[in-house]
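Visitor: Sequence and predicted model, in that order:
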Amino acid sequence: METHEGWIMDRNEAQAALGAVNDARARLAQTMHCPPWRHAAFGAVVAVLIAANALPRSMFAPLFVISMATTIWLVRSDRRRTGTFVNGWRRGRTLPLSGGLFVVLLALIFMARRGQATAFLTPQGAVAIALAFAIGTAASVLWQRVYLAELRSGAGA
């Protein structure tokens with residue numbers, strides 16, 4: 001028997017509590033599926049951030065504001081749809097994926113800035129934007145798969 005500040009829990013109660021946690025994770029996994037548009041919207045946010053670095057400097061602030069406003073909209077949409085929002089920087093199996101995406105996006109920012117236009121979009125900037133959309137969308141899909149697998153396995157932090 002385990003005692004914690006006057007609270008006693010026997011083995012059966014502990015197993016029941018653990019079972020309730022696992023049941024809650026399984027229910028959460030059932031509700032956390034994002035529709036395809038949600039993954040594409042994340043890819044678009046990432047692409048707009050890269051575009052802010054590929055287009056003339058006068059476009060940076062408006063594009064940055066658009067990407068942040070869209071991010072806020074996505075968070076609110078997730079909360080309405082699922083009742084929760086899961087941060088991409090959470091501990092667990094998804095963290096290396098988030099870190100890898102961050103590194104790739106930094107490389108795309110450098111690529112976009114190196115080809116930054118003075119008046120129009122350069123081919124190098126267009127490639128960086130297209131890659132950002134594709135990579136952001138794919139990373140969102142993969143992140144969801146990893147997260148759901150982690151929920152179902154009972155692992156995670």
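Guide: Yep, that arrived.
Visitor: Residue ranges in the protein under the pLDDT threshold?
Guide: 1-6, 16-31, 117, 155-157 (pLDDT under 70).
Visitor: Which parts of the protein are helices?
Guide: All helices of the chain, identified by DSSP state H, fall at 11-31, 36-54, 60-82, 95-114, 123-153.
Visitor: So which of these is nearest G88?
Guide: Across the helices of the chain, G88 has its closest neighbour in helix 95-114 (4.6 Å, Cβ to Cβ). In this view, the C-beta of every residue, glycine as well, is placed from N, C-alpha and C.
Visitor: returning to that earlier point: in JSON lines, list the helices of the chain along with mean neighbour count and distance to W89.
Guide: Listed next are the helices of the chain as JSON lines, based on neighbours: other Cβ atoms under 10 Å; distance: least, Cβ to Cβ, whole Å:
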{"stretch": "helix 11-31", "mean neighbour count": "12", "distance to W89": "18"}
{"stretch": "helix 36-54", "mean neighbour count": "21", "distance to W89": "14"}
{"stretch": "helix 60-82", "mean neighbour count": "14", "distance to W89": "13"}
{"stretch": "helix 95-114", "mean neighbour count": "15", "distance to W89": "6"}
{"stretch": "helix 123-153", "mean neighbour count": "18", "distance to W89": "11"}
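Visitor: Let me have these in TSV, extended by distance to G88.
Guide: Below are the helices of the chain laid out as TSV (distance: least, Cβ to Cβ, whole Å):
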stretch	distance to G88
helix 11-31	16
helix 36-54	9
helix 60-82	11
helix 95-114	5
helix 123-153	7
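Visitor: Can you give me the neighbour number for the nearest residue to A149 once chain neighbours are set aside?
Guide: Nearest in space to A149, with sequence neighbours left out and distances taken as Cβ to Cβ, 6 or more residues apart in numbering, is R93 at 7.5 Å. Other residues within reach of R93, judged by other Cβ atoms under 10 Å, total 16.
Visitor: how much space between R93 and G43?
Guide: Distance of R93 to G43, computed by Cβ to Cβ, to the nearest Å: 21 Å.
Visitor: Was I right to think the residue nearest to A149 contacts L148?
Guide: No - using Cβ atoms under 8 Å, R93 is not in contact with L148, being 10.6 Å away.
Visitor: Now do the contacts for the residue lying closest to M59 once chain neighbours are set aside.
Guide: Computed as Cβ to Cβ, 6+ apart, the closest residue to M59 that is not its neighbour in sequence is A52, at 6.5 Å. The contact partners of A52, by Cβ atoms under 8 Å, 6 or more residues apart in numbering, come to M59, F60, L63, F64, S67.
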